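**Q** sharing a model prediction with you, sequence too.
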Amino acid sequence: MDRIKFEDESLRHFEQVTKEAQQEQEKLLFSLLSEEKNTVFGKKYVFREIHSIEEYRRRLPLSGYEDYDELIARETGGERGALVSRKPYFHCISSGSFGVPKYLPIVKEDAALQHMYLDGVL
């Protein structure tokens, strides 16, 4: 795909989803809850029973990286389905913190969206 066409399509998509940002975010949230309901994390918080934003807020506490580091370590060690159901495309290493580097699992579809928005729109 040539660069100008890619940029035009990315910008059109970005404009479309930002017109109804709240609905798009809710659609994404419920899609992710459905996809991740059988992961260790999804079972812990019973994702299969979350059907509203209010229920999501009640079930999932505010959290930080330390709440996920064990699950991420299990996945970087080769275990599948601890935090995400799809095999991570790669693990992004956070460089903005002190101490031990933090790893974030990135699946292929997420990488493609990031590429589209960062390279195609900006």
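**A** Cool, the structure landed.

**Q** could you pull out the helices for this protein?
**A** According to DSSP state H, the chain carries its helices in the segments 3-19, 21-35, 40-44, 53-59, 69-76, 108-120.

**Q** convert the third one to PDB, retaining C-alpha atoms only.
**A** In PDB, the C-alpha atoms belonging to helix 40-44 read as follows (Å, rounded to 0.1, in the frame of the first residue of the first chain):
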ATOM      1  CA  VAL A  40      -5.900 -16.900  34.400                       C
ATOM      2  CA  PHE A  41      -6.600 -13.200  34.800                       C
ATOM      3  CA  GLY A  42     -10.000 -13.400  33.200                       C
ATOM      4  CA  LYS A  43     -11.100 -16.300  35.400                       C
ATOM      5  CA  LYS A  44      -9.800 -14.500  38.500                       C
END
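
**Q** any weak-confidence spans in the protein?
**A** Within the chain, the stretches with pLDDT under 70 are 1-7, 96-97, 117, 120-122.

**Q** one more pass at 90, please.
**A** Low-confidence segments of the chain, defined by pLDDT under 90: 1-22, 24-25, 28, 64-66, 69, 75-78, 86-122.

**Q** give me the nearest residue to the most centrally placed residue in the chain, chain neighbours excluded.
**A** For the chain, the residue lying nearest the average C-alpha position, counting by Cα atoms, centre = their mean, turns out to be Asp110 (6.7 Å). Setting aside the residues directly before and after it, Asp110 is nearest to Tyr89 in space (Cβ to Cβ, 6 or more residues apart in numbering), at 7.7 Å. Every C-beta, even on glycine, is put in place using the N, C-alpha and C of the backbone.

**Q** in contact with that neighbour, which residues?
**A** By Cβ atoms under 8 Å, 6 or more residues apart in numbering, the contact list for Tyr89 reads 106-108, 110-111.

**Q** output these as a markdown table; include the columns distance to Glu54.
**A** Converted to a markdown table, these look like this (distance: Cβ to Cβ, whole Å):
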| residue | distance to Glu54 |
| --- | --- |
| Ile106 | 29 |
| Val107 | 28 |
| Lys108 | 32 |
| Asp110 | 26 |
| Ala111 | 32 |
